[in-house]
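Participant: Following is a predicted model, sequence given first.
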Amino acid sequence: MKIILIALAGFLLGSIPTGKIIAGGMGIDLRKTGSGNIGATNVLRSAGKLPALFTLIGDMAKGSAAVLFAQYFEVGYWYEGMIGLIAVLGHNYSLFLHFKGGKGVATSLGVLIVYAPLAGLVTIMIWLLTVLITRISSLGALISFSVLPLSIYLLDAKEKLPISFIMSIIVLMRHKDNIHRLIRGTEPKVGRKA
């Protein structure tokens, strides 16, 4: 029962649509602007750098808070990771947006920073480096999360590998449209206005 309640709390935390709230306060409906996504990249295109930064921090905080909550109740590696994944799913299928949402990259990074800090830092660095070189946020997410299981294997407890594989699959699946656009060469670059 305790695990179920913590999982529900994780889903509710993840469901908070940070980007929609921030952009909405500026009179911008993210669902009707740019890519229609509620994440920091679309906020950047639609509302600017500072709102995007606040969205990024807020979305990461949701993932971190969910894992910290699970750690407080000492549920163990597996359940900590699962609660983190449930927060990511809350972001992707928000209770407050009729079970629609974002792609879960920032929330996943927030989970990793608490759940597997070294692997989380490596994931963030790979994402940032890719974005700086290519100016394509989705490519940074695809590369960094494809490498995540290897980072976990080399830098953290092997017991966390299953969670890392599931997280990678979730992120990659949410980027299927981006993958098609990358193949066609039509994926928009960071900084392009909506």
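Facilitator: Structure received.

Participant: Do a quick rundown of the helices in this structure.
Facilitator: 2-15, 18-24, 40-47, 49-72, 77-92, 105-115, 117-134, 137-155, 161-174, 176-184 (DSSP state H).

Participant: Quickly compare the ones you listed and say which is most buried.
Facilitator: Taking mean count of other Cβ atoms under 10 Å as the contact definition, the stretch among these with the greatest mean neighbour count is helix 105-115, which reaches a mean of 28. For the C-beta atoms, the positions are set from N, CA and C on the backbone; glycine is no exception.

Participant: next one: that one to chain centre, how far?
Facilitator: Per Cα atoms, centre = their mean, to the nearest Å, the displacement of helix 105-115 from the mean C-alpha position of its chain is 7 Å.

Participant: Packing partners of that helix?
Facilitator: helix 49-72, helix 77-92, helix 117-134, helix 137-155, helix 161-174 (3 or more Cβ pairs under 8 Å, 6 or more residues apart in numbering; DSSP states H and E).

Participant: List the contacts of L142.
Facilitator: Shown in contact with L142 (Cβ atoms under 8 Å, 6 or more residues apart in numbering): V171, L172, H175, N178, I179, L182.

Participant: which one is the fifth one nearest to, not counting chain neighbours?
Facilitator: To tie it back to what came earlier, the one meant is I179. For I179, ignoring the flanking residues on the chain, the nearest one in space by Cβ to Cβ, 6 or more residues apart in numbering is L142 at 7.1 Å.

Participant: Against L112, how distant is the one you found?
Facilitator: Counting by Cβ to Cβ, to the nearest Å, the separation of L142 from L112 is 16 Å.

Participant: pLDDT wise, what is the residue nearest to I179 at?
Facilitator: Reading off the confidence values, L142 has pLDDT 97.

Participant: R31 too?
Facilitator: Predicted confidence (pLDDT) for R31: 83.

Participant: In this protein, what helix or strand scores lowest on average pLDDT?
Facilitator: Per-element confidence for the chain was summarised using mean pLDDT, DSSP states H and E. The lowest value among helices and strands belongs to helix 40-47, with a mean of 90.

Participant: Packing partners of it?
Facilitator: Helix 40-47 makes packing contacts with helix 18-24, helix 49-72 when contacts are defined by 3+ Cβ pairs under 8 Å, 6+ apart.

Participant: pull the CA atoms of that helix into CSV?
Facilitator: Backbone C-alpha positions of helix 40-47 (Å, rounded to 0.1, in the frame of the first residue of the first chain) are rendered in CSV as follows:
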residue,chain,number,x,y,z
ALA,A,40,11.6,23.6,-22.3
THR,A,41,12.6,23.5,-26.0
ASN,A,42,9.1,24.7,-27.1
VAL,A,43,9.0,27.2,-24.3
LEU,A,44,12.3,28.6,-25.6
ARG,A,45,10.9,28.9,-29.1
SER,A,46,7.6,30.4,-27.9
ALA,A,47,8.4,32.5,-24.8
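
Participant: Many thanks, we can stop here.
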